[in-house]
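In: predicted model and sequence below, questions to follow.
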Amino acid sequence: MPSSLDPLSTPKPWFRAIRPVDAVLYALIVLGCGLRIYNAIAHNPIDHLWSDPQRHWDHASKPLEPSPMALFDPLVYQTWLSIVQRVTMGIPGLVAVYAAALSVATPWFWYRFLRETVDSRTVALAGWAALALLPTWIGIYSYFMSETLLLPMIGLSLWMTRRAQRRPTLQTFLAMVVAWLFTGLTRGVTIPLAGIACALVWFCHPQKLRTALWSSLILAATLTPIAIRNYSFLYLWAPHGNGWLTRIYAESGRREILLHFVRDGARWEY
């Protein structure tokens, strides 16, 4: 019979003692989540439909209607917001639930990335608490902006990147590629970061040929139809949207954009 002093016979506690510093960090995280929920209710995105939020909301309501400005934007956020519209039916209470859920989830994705990156759980919790309480990352969820989806997507992609490094399998590598693909289709500015992250993991991967082949197939199957769609209407091979408008706007130094498009008798004024 095992001795009473045998460590194998000693039952383990079902809970882990929480250190005071971790308890404080958990309290700050709860506070941050509460502020995010309150912000989504008190400053509902449905009450701030003007400028870019209005444009995103209008285009999401007509996802199959081609227009220059709708095709200028990357595909993922417009598709995402179109689904949100149909699920919530524009009911303010449901829109607030959506905004609160996405707001609360955002710092958690970054926490998962930190847990894969740093050895200290306390440091990861500190990062979660800091991001949960970051004012700009709270206030932005009062608006329908592509950045509201971009922030959690970057966190998710970085998490998948570190996971693919730790567990170098084909499945984890492709999960990373898909995450970065959708992040790039949310905002094209993340494409250089995606390329660097995937290249660093690939160079150390034991299955270079298989990962390169499957990744290429996924990218081609996703980006080719979008590129053909945009070219057929805009004559631009731009699966990630049209960045020329932003560049012209920035270099012009103007404070207002006036656009006039004509195609096959149809006219658009922005």
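Out: Noted; the coordinates are in hand. Residues are numbered from 1 along each chain as shown.
In: ok, now which ones touch Leu185?
Out: Neighbour list for Leu185: 74-76, 222, 226, 239-240 [criterion: C-beta atoms under 8 Å, 6 or more residues apart in numbering]. For the C-beta atoms, the positions are set from N, CA and C on the backbone; glycine is no exception.
In: same thing but at 10 Å, please
Out: Contact partners of Leu185, counting by C-beta atoms under 10 Å, 6 or more residues apart in numbering, are 74-77, 79, 153, 191, 222-223, 226, 239-241.
In: need phi/psi at it.
Out: Main-chain dihedrals, Leu185, degrees, to the nearest 10: phi -80, psi 0.
In: go on, Phe261?
Out: According to degrees, to the nearest 10, Phe261 has phi -120, psi 140.
In: ok, the one 5 residues further on next?
Out: Ala266 adopts backbone torsions of phi -90, psi 150, taken as degrees, to the nearest 10.
In: is it true that it touches Pro66?
Out: Yes: counting by C-beta atoms under 10 Å, Ala266 does reach Pro66; the two are 9.3 Å apart.
In: tell me which of the two has more neighbours.
Out: Using other C-beta atoms under 10 Å as the criterion, Ala266 and Pro66 rank with Pro66 on top: 14 against 10.
In: which of the three states applies to that one?
Out: Counting by DSSP: H, G, I helix; E, B strand; the rest coil, the backbone at Pro66 sits in coil.
In: thinking again about what came up before, so how do I select the buried members of the contacts of Leu185 in PyMOL?
Out: A single PyMOL command selects the buried members of those (16 or more other C-beta atoms under 10 Å):
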select buried, resi 74+75+76+77+153+222+223+226+239+240+241
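In: closest to Thr106 out of the contacts of Leu185?
Out: Distance to Thr106 across those (C-beta to C-beta) is lowest for Met153, with 9.4 Å.
In: could you report the neighbour count for Val189?
Out: Neighbours of Val189 using other C-beta under 10 Å come to 14.
In: I meant Ser120, not that one.
Out: 10.
In: what lies in contact with the least confident helix or strand in the chain by mean pLDDT?
Out: Within the chain, confidence by mean pLDDT, DSSP states H and E is lowest for helix 68-72 among all helices and strands, at a mean of 77. Contact with helix 68-72 is made by 55-56, 58-60, 62-64, 78, 226, 229-230, 232-234, 236, 238, 241-246, 259, 261, 263, 266, 268, 270, as judged by C-beta under 10 Å, 6+ apart.
In: following that helix, which helix or strand comes up?
Out: helix 75-88 (DSSP states H and E).
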